[in-house]
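Novice: Okay, here's the prediction I keep looking at, along with the sequence it came from:
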Amino acid sequence: MNMTNLTPETMTADERREAWFQRELIGYALAANSDYTANWDYGHELLELLAARFRVIELILGADEVAPHLFALLNGPDVEGGNWREAFETYDPVLSPHWTGTKLIDNAGIYGLYGVTPKEVMFDERDGWLAELARHLEQFRQLAQPEPQGVIARIINLALSRRAIDTGVGEVDLQSLALFGGVTEGRIRNILSSVDGGLEKAGSRVTAASAAAWLKGRKEFFASIWQQPDEAPPEAPCLDFADNVVFVPVAADGSHFHPGLARGGKFMIGAKGEEVQYASFDEALIALHKMATPRWRRPNEAGNWGIVSGRDWKRIERRQLMSM
């Protein structure tokens, strides 16, 4: 499947499921031969969680006594070696998903990142299945205690955050929201500090309702589609505006002026040698509106800041604009 041309609003449920395995997991192993680098390979972490428990059992019951029993626990056709340590040197639970825990993390990834359930889950059973998934993930996190900043914890947080968004109950952690929206966690914190950002704090997180509203303006977000049959065609995004709109200048390359272009807390507006610094986005935008040819400074793909000229004007929702 050629995934480079697929976007959230055009991908079917099957394409999303395949993307989890082919792009996020197997793509990690093939990163050296690909333009895409995934970061969801949880295999090493899962093996280490299990190895830590095995080492405790050996200390309590004796390594020689329990060795054959621990090795026998590693069910799966791809398990090789004479003991569990040798098996862990060659076994990849991600590429050989036979264990219950592996399937649990895979299910969390499919749902958390792409908003779908596994294909074998019947349509009328999905809501109950997802409620059970959330319960098992909470239990796994409590008992297994994965590394808080590790891949497994990130996958679990994504799935539980999406569940909160889908149900409208609960909170969303900032890292998951940033991943959903295709921005940095620092950008989320900046939005939270803005009165126009639209995100509502809930302790160190944000409310599910405000997260859902903010994500509607993000083209990077894979909105959940498990609520509709797999055969239903992807729905085109709504073109109507629900919030106040703002006109922003658009450069020749298609980029437009937005709040993320502050450098050192200032927006640089005007032609070279005539630039004026503005502390707020609204002040800078007013200045651009007054110019015959709006010009502003922004970074290019290499990260170098240069001046661009507006060639057109674009209408965009203020809520979406303030999330950029």
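Specialist: Here it is on my side, so go on. Numbering: from 1, shown residues only.
Novice: quick one, what contacts residue 105?
Specialist: Residue 105 sits next to 42, 46, 152, 155-156 when contact means Cβ atoms under 8 Å, 6 or more residues apart in numbering. C-beta here means a position set from N, CA and C on the backbone, and glycine is covered the same way.
Novice: For it, pull up the helix or strand it's in.
Specialist: helix 100-114 (DSSP states H and E).
Novice: what does residue 310 give?
Specialist: strand 305-317.
Novice: Only alpha carbons, please: show that strand as PDB.
Specialist: C-alpha atoms of strand 305-317 as PDB (Å, rounded to 0.1, in the frame of the first residue of the first chain):
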ATOM      1  CA  TRP A 305      14.200  32.800   8.600                       C
ATOM      2  CA  GLY A 306      13.400  34.900   5.600                       C
ATOM      3  CA  ILE A 307      10.900  37.400   4.400                       C
ATOM      4  CA  VAL A 308       7.900  36.300   2.200                       C
ATOM      5  CA  SER A 309       5.300  38.400   0.400                       C
ATOM      6  CA  GLY A 310       1.600  37.700   0.500                       C
ATOM      7  CA  ARG A 311       0.000  36.800  -2.800                       C
ATOM      8  CA  ASP A 312      -3.500  36.000  -1.600                       C
ATOM      9  CA  TRP A 313      -5.700  36.000   1.500                       C
ATOM     10  CA  LYS A 314      -7.100  32.900   3.200                       C
ATOM     11  CA  ARG A 315     -10.200  32.600   5.400                       C
ATOM     12  CA  ILE A 316      -9.600  30.400   8.500                       C
ATOM     13  CA  GLU A 317     -11.300  29.800  11.800                       C
END
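Novice: what does that strand rub up against?
Specialist: Taking Cβ under 8 Å, 6+ apart as the rule, strand 305-317 contacts 217, 241-253, 255-257, 263, 268, 271-272, 275, 288, 293-300.
Novice: list the contacts for residue 106?
Specialist: Residue 106 neighbours (Cβ under 8 Å, 6+ apart): 20-21, 97.
Novice: ok so, going back, any of the contacts of strand 305-317 buried? List them.
Specialist: 217, 243, 246, 248-251, 256-257, 268, 288, 294-298 (16 or more other Cβ atoms under 10 Å).
Novice: and the least confident of those residues?
Specialist: pLDDT across these is at its lowest for residue 243, which sits at 59.
Novice: what helix or strand is the residue sitting nearest the centre point of the chain on?
Specialist: By Cα atoms, centre = their mean, the chain has its centre lying nearest to residue 179, at 2.9 Å. Assigned by DSSP H and E, residue 179 falls within helix 174-181.
Novice: Report the inter-axis angle for that helix versus helix 100-114.
Specialist: For helix 174-181 against helix 100-114, the angle by axes from the mean of the first three to the mean of the last three Cα atoms, to 10 degrees is 60 degrees.
Novice: So which elements touch helix 174-181?
Specialist: Packed against helix 174-181 by the contact rule (3 or more Cβ pairs under 8 Å, 6 or more residues apart in numbering; DSSP states H and E) you find helix 151-167, helix 185-192, strand 205-207, helix 208-215.
Novice: Out of the ones you listed, which gets nearest to residue 234?
Specialist: Of all those, it is helix 208-215 that lies closest to residue 234, at 16.8 Å by Cβ to Cβ.
Novice: about what we covered before: among the contacts of residue 106, which one has the most neighbours?
Specialist: With neighbours taken as other Cβ atoms under 10 Å, the top of the contacts of residue 106 is residue 20, carrying 23 neighbours.
Novice: if I look at that residue, how far off is residue 103?
Specialist: 13 Å (Cβ to Cβ, to the nearest Å).
Novice: Likewise for residue 169?
Specialist: Applying Cβ to Cβ to residue 169 and residue 103 gives a distance of 26 Å.
Novice: who's residue 317 bridged to?
Specialist: residue 245 (DSSP bridges).
Novice: Can you tell me the number of residues neighbouring it?
Specialist: For residue 317, using other Cβ under 10 Å, the count is 17.
Novice: Retrieve the pLDDT associated with it.
Specialist: On the pLDDT scale, residue 317 gets 73.
Novice: In contact with the closest residue to residue 203 other than its chain neighbours, which residues are there?
Specialist: In space, and not counting its chain neighbours, residue 203 is closest to residue 171: 7.2 Å by Cβ to Cβ, 6 or more residues apart in numbering. Neighbour list for residue 171: 161, 164, 202-203, 205-208 [criterion: Cβ under 8 Å, 6+ apart].
Novice: same check, this time on residue 301
Specialist: Counting by Cβ under 8 Å, 6+ apart, residue 301 has no contacts.
Novice: Torsion angles phi and psi at it?
Specialist: Main-chain torsions, residue 301, degrees, to the nearest 10: phi -60, psi -30.
Novice: Next, residue 219: secondary structure please.
Specialist: coil (DSSP: H, G, I helix; E, B strand; the rest coil).
Novice: That one: neighbouring residues, count only.
Specialist: For residue 219, using other Cβ under 10 Å, the count is 11.
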